[in-house]
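Student: one predicted model, sequence on top.
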Amino acid sequence: MKDNAVDSARQDILVVSAPPHLFSPTRTDRLMRDVLIALVPATIGGINLFGPRVLAVIATAVIAAVATEAIAQRLLGRPSSVGDLSAAVTGLLLGLNLPPGAPLWLAAVGSAFAIGVVKQFFGGLGSNFLNPALAARAFLVAAWPGLMTTWVKPGDWTLEAMTGATPLAILKDPEILQRFPSYAELFWGWIPGTIGETSAAALLLGAGYLLVRKVIRWHIPVFFVGTVALLTWVLGPEGLFTGDPLGHVLSGGLLLGACFMATDYVSGPVTPVGRVWFGAGCGLLTVLIRLYGGYPEGVSFSILIMNMAAPLLDRYTVPTQFGGGKTR
Amino acid sequence: MARWRPGPLVGMIHPPENKERTASRPILRPALPDRVVIPLWQHTGSPCEPRVARGERVTVGQKIGEAVGPLSAPIHASISGKVTAVEPRPDPLGREVMAVAIEGDGEDELATTVEPRGTVDSLSPEEIRQAVHEAGIVGLGGAAFPTRTKLSPPPDRNIDTYILNGCECEPFLTGDHRLMLERPADALLGLRLLMKAVGVTGGYVAVESNKANALEALRPWADDAGIKLILLPTRYPQGSEKHLIKAVLNREIPSGGLPMDVGVLVSNVGTAVAVADAVYRGMPLLQRVVTVTGRPVREPANLLLRIGTTFGAAIEAAGGLGEPAARVVMGGPMTGVAQANTDVPVIKATTGILVLGRRESPPVVSTPCIRCGRCAQSCPMRLLPLQYDAQVRVGNYERTRELFVMDCIECGACAWACPARRPLVHAIRLAKGELRGRRVGR
């Protein structure tokens, strides 16, 4: 019977479903794996700048995120989706958003909040309306402001209380009598900041990888960064067009946020025009907070605010369908 | 090679073509089938009425189903022999359709009605339309729209261009490619007949870049007839009428409209060859080229099959299967119709029989939509398929209408690209059905 092929075809249970019957090899877990790969340079950069202990912070954040996902799904009776790697991405992003000296428990609490509250409480993958890592960061900043704003100088692997001011704090507060770093220091990341945000070089390498692999598209990062550059140049400290756009672009969490957080699929809009407005809106809010707000940095809050505007953007940027321009 | 600047198209994907196993193999004529089952409804429009009864002897080309109404095409016996049944049978579109079963006598005796009708120069447009209708010709690209109806646009439509569609953009299928290589003169003769039937002087043949040799085969006959040959980039679903017209002429069919609304008619290469056969030989549409392929198929081939041959016999004619099948599909992998068994017959709309094994077609597991937007990026109609999926899940069909779900051509590009394997085409069909039903219900 094995040799009678037609008979065997007849006896096989054939799958009947709507088309298509073949699919692109790109799957959710492959996209998430690419994001993890794209964050490797920033992770290595963080270890190089702030010492091997930050690896423990990052590892704690990742493990806590994955563990929370598994536990929450078991408690909620949902199928386990740890294998899609989305929880690992959230944990890694949160880890890179923590100060180098953050205690390990802070990383664990942040990841548990990101996955447990922001993601699973709202329905799990695909249903969270905020970026989990950023919402957790905002939660940690509000709950432990001291721990979340204690910065160390790069290169000082002891992480002793050598509190350094971030470049944006120097820009914000003229009473901090510290030199604003050079563009080279900003580019390579030899500035105080969170573990993963300081090295523009590492972040751009990762972002380039995501673009080449077509995991993200250019709209959001370009309009986010472009808007920040334009507005900080125009709204300079000594009148119009006296700003330092490059300094602003390379400082703080802008590149990490624009390339890896604002491009989060779930919490952003899907239409091309919506993504342009989303990026521009993030940029505008970032500049308003940086220049006129109470915090030196505004990237994470601006993304969270625009996350909430994403459904609205999607609603008002529905493309005209093929052939739709000439009727009605 | 003619340089052509195609009209701008959005979306589009390029799935693996998988045509190499059959593209270079000439069309084969397998042995006559012992028996055939010929459904009397193989076209858009009303089913045919049977013209034969059980026990009657029929000859090849004899009309066994009479067209009913303006949107219908008659159906002919594809082998000679004895009618064993006139009863409803399953067809490959998942329906139970009145069908004529014929037990072959092996004679392959032609009906006396099969005789040449004339030439492109001798026949009037109405005579060509009549010959096309009598031969039961429908669009052979898979839609099976009666060609006579297409050739009879309302008088207020000014048709200026006829495009012969040689894109064959579905992966795996190579029947049209082979026809252009092996019967280029007949393909262009058919196009000239179609053009004359609607009084059009502008004729194009559009082919995708992976079939450039087909264009070379057509060239000697095209140049004489003043027909332009267009080489388009290979992308899916360029063979869709709307997108082909956009690519070739940069005209955009308005939403809900037809090609004739922009002065164009489009026919498939196979249809044109069938028209030439109908006029020059009087041969009704009773056989067609079917690509039988897929990894489990031992000797994938382009087969000239009589209508009514079962899928099982067709697969056997292609060497049978070397391993178990997970799916058997009528047509290509993007829009084809999955079959529950291989007992269904080849019909006029059967462009191919695709067999997929378990390796390339494992069980589909859908995961939550992550809103990556790949469906929207690949949509040639500029739609947002992920929204249909989300709205259908909560039963908000009105919202899918506002988001233009009725404009969807169901090409499947969105679902192909979806990393979460959402059943997008299924959701879209559900929404369309629900919206159509409501309209009827009111």
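Tutor: Received it, and whenever you're ready, just let me know what you need.
Student: state which helix of chain B is the longest.
Tutor: Assignment by DSSP state H gives helix B:424-441 as the longest helix of chain B.
Student: which residue is nearest the middle of chain B?
Tutor: B:Gly142 (1.7 Å; C-alpha atoms, centre = their mean).
Student: part of a helix, is that one?
Tutor: No: going by DSSP: H, G, I helix; E, B strand; the rest coil, the assignment for B:Gly142 is coil, not a helix.
Student: quick check: it vs chain A, distance?
Tutor: Distance, B:Gly142 to chain A, using C-beta to the nearest C-beta, to the nearest Å: 12 Å. In short, each C-beta sits where N, CA and C put it, glycine included.
Student: isn't B:Pro116 right next to B:Ala278, touching?
Tutor: No: B:Pro116 is beyond contact range of B:Ala278, at 9.8 Å (criterion: C-beta atoms under 8 Å).
Student: how about the residues of the stretch 51-200 of chain A near chain B?
Tutor: Residues of the stretch 51-200 of chain A lying near chain B by C-beta under 8 Å from any C-beta of the partner chain: A:Ser81, A:Asp84, A:Ser86, A:Gly124, A:Leu125, A:Gly126, A:Ser127.
Student: quick one: B:Val346 from B:Asn268, how far?
Tutor: 16 Å (C-beta to C-beta, to the nearest Å).
Student: separate out the buried members of the residues of the stretch 51-200 of chain A next to chain B.
Tutor: Neighbour counting over those (16 or more other C-beta atoms under 10 Å in any protein chain shown) leaves A:Ser81, A:Asp84, A:Ser86, A:Gly124, A:Leu125, A:Gly126 as the buried ones.
Student: which residues are in contact with the last one?
Tutor: Right, the one you point to is A:Gly126. By C-beta atoms under 8 Å, 6 or more residues apart in numbering or on different chains, the residues touching A:Gly126 are A:Val266, B:Pro368, B:Cys369, B:Ile370, B:Arg371, B:Ala420.
Student: if we can go back for a sec, and of the residues of the stretch 51-200 of chain A next to chain B, the nearest to chain B?
Tutor: Nearest to chain B, judged by C-beta to the nearest C-beta, of those is A:Gly126 at 3.6 Å.
Student: per-residue pLDDT of that closest one, please?
Tutor: In this model, A:Gly126 is scored at 94, pLDDT.
Student: what's the neighbour count on residue 104?
Tutor: I went with chain A, as the question did not name one. 14 (other C-beta atoms under 10 Å in any protein chain shown).
Student: hm, I was asking about chain B
Tutor: By the criterion of other C-beta under 10 Å, B:Gly104 has 20 neighbours.
Student: quick one on the thing from earlier: which of the residues of the stretch 51-200 of chain A next to chain B sit farthest apart?
Tutor: A:Asp84 and A:Ser127 (13.7 Å; C-beta to C-beta).
Student: who's in contact with A:Ala309?
Tutor: A:Phe278, A:Gly281 are the contacts of A:Ala309 under C-beta under 8 Å, 6+ apart.
Student: and it, which helix or strand is it part of?
Tutor: Here A:Ala309 is covered by helix A:299-316, with elements defined by DSSP states H and E.
Student: ok, B:Ala222 next?
Tutor: Secondary structure from DSSP H and E places B:Ala222 in helix B:212-225.
Student: which helix or strand lies directly C-terminal to that helix?
Tutor: The helix or strand immediately downstream of helix B:212-225 is strand B:228-232, counting by DSSP H and E.
Student: and the helix or strand of chain B with the lowest mean pLDDT, what does it pack against?
Tutor: Within chain B, confidence by mean pLDDT, DSSP states H and E is lowest for helix B:424-441 among all helices and strands, at a mean of 87. Where contact means 3 or more C-beta pairs under 8 Å, 6 or more residues apart in numbering or on different chains; DSSP states H and E, helix B:424-441 is packed against helix B:385-393, helix B:397-402, helix B:413-417.
Student: can you check which of the ones you listed gets nearest to chain A?
Tutor: Comparing these by C-beta to the nearest C-beta, helix B:413-417 comes nearest, at 4.9 Å.
Student: the closest one packs against which elements?
Tutor: helix B:374-378, helix B:424-441.
Student: pull the CA atoms of the helix holding B:Ala222 into CSV?
Tutor: Output in CSV follows, covering the C-alpha atoms of helix B:212-225 (Å, rounded to 0.1, in the frame of the first residue of the first chain):
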residue,chain,number,x,y,z
ALA,B,212,11.0,36.4,-21.0
ASN,B,213,11.5,33.5,-23.5
ALA,B,214,7.8,33.4,-24.0
LEU,B,215,7.9,36.9,-25.3
GLU,B,216,10.6,36.0,-27.7
ALA,B,217,8.5,33.1,-29.0
LEU,B,218,5.5,35.5,-29.5
ARG,B,219,7.5,38.2,-31.2
PRO,B,220,7.5,37.0,-34.9
TRP,B,221,3.7,36.9,-34.9
ALA,B,222,3.1,39.9,-32.7
ASP,B,223,5.1,42.2,-34.9
ASP,B,224,3.1,41.3,-38.0
ALA,B,225,-0.2,42.0,-36.2
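Student: assumed A:Tyr209 was part of a helix.
Tutor: Yes: A:Tyr209 sits within a helix when classified using three-state DSSP.
Student: surely it touches A:Ala38?
Tutor: Yes: using C-beta under 8 Å, A:Tyr209 and A:Ala38 qualify as a contacting pair, with a distance of 4.6 Å.
Student: picking up where we left off before, from the residues of the stretch 51-200 of chain A next to chain B, which ones fall inside helices?
Tutor: Those of these mapping onto helices are A:Ser86, per DSSP H.
Student: quick check, nearest of the residues of the stretch 51-200 of chain A next to chain B to A:Asp29?
Tutor: Nearest to A:Asp29 among those is A:Asp84, at 4.8 Å by C-beta to C-beta.
Student: what's near enough to touch residue 28?
Tutor: You didn't say which chain, so I picked chain A. Going by C-beta under 8 Å, 6+ apart, the list of residues near A:Thr28 reads A:Asp84, A:Ser86, A:Leu125, B:Thr367, B:Ile370, B:Pro419, B:Ala420.
Student: my bad, the chain I had in mind was chain B
Tutor: With C-beta under 8 Å, 6+ apart, B:Leu28 has these contacts: B:Ala301, B:Asn302, B:Leu303, B:Leu304, B:Ala317.
Student: just the buried ones from the residues you listed, in PyMOL syntax?
Tutor: Command for PyMOL, covering only those of the contacts of B:Leu28 found buried under the criterion 16+ other C-beta under 10 Å:
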select buried, chain B and resi 301+302+303+304+317
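Student: including distance to A:Ile170, pLDDT and secondary structure, could the contacts of B:Leu28 go into CSV?
Tutor: What follows is those, written out as CSV (distance: C-beta to C-beta, whole Å; pLDDT from 0 to 100; DSSP: H, G, I helix; E, B strand; the rest coil):
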residue, distance to A:Ile170, pLDDT, secondary structure
B:Ala301, 74, 97, strand
B:Asn302, 73, 98, strand
B:Leu303, 77, 98, strand
B:Leu304, 80, 98, strand
B:Ala317, 79, 97, helix
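Student: in the contacts of B:Leu28, find the pair that's most separated.
Tutor: Farthest-apart pair in the contacts of B:Leu28 is B:Asn302 and B:Ala317; separation 11.1 Å (C-beta to C-beta).
Student: any residues in contact with both of these two?
Tutor: In contact with both B:Asn302 and B:Ala317: B:Leu28, B:Val292, using C-beta under 8 Å, 6+ apart.
Student: low pLDDT regions in chain A?
Tutor: By pLDDT under 70, the low-scoring segments of chain A are A:1-12, A:159-163, A:326-328.
Student: now with 50, please.
Tutor: A:1-5, A:8-10, A:326-328 (pLDDT under 50).
Student: spit out the contact partners of the closest residue to B:Ser366 other than its chain neighbours.
Tutor: The shortest distance from B:Ser366 to any non-neighbouring residue, by C-beta to C-beta, 6 or more residues apart in numbering or on different chains, is to B:Arg421 (4.9 Å). Applying C-beta under 8 Å, 6+ apart, one finds that B:Arg421 lies in contact with A:Phe23, A:Arg27, B:Val364, B:Val365, B:Ser366, B:Thr367, B:Ala415.
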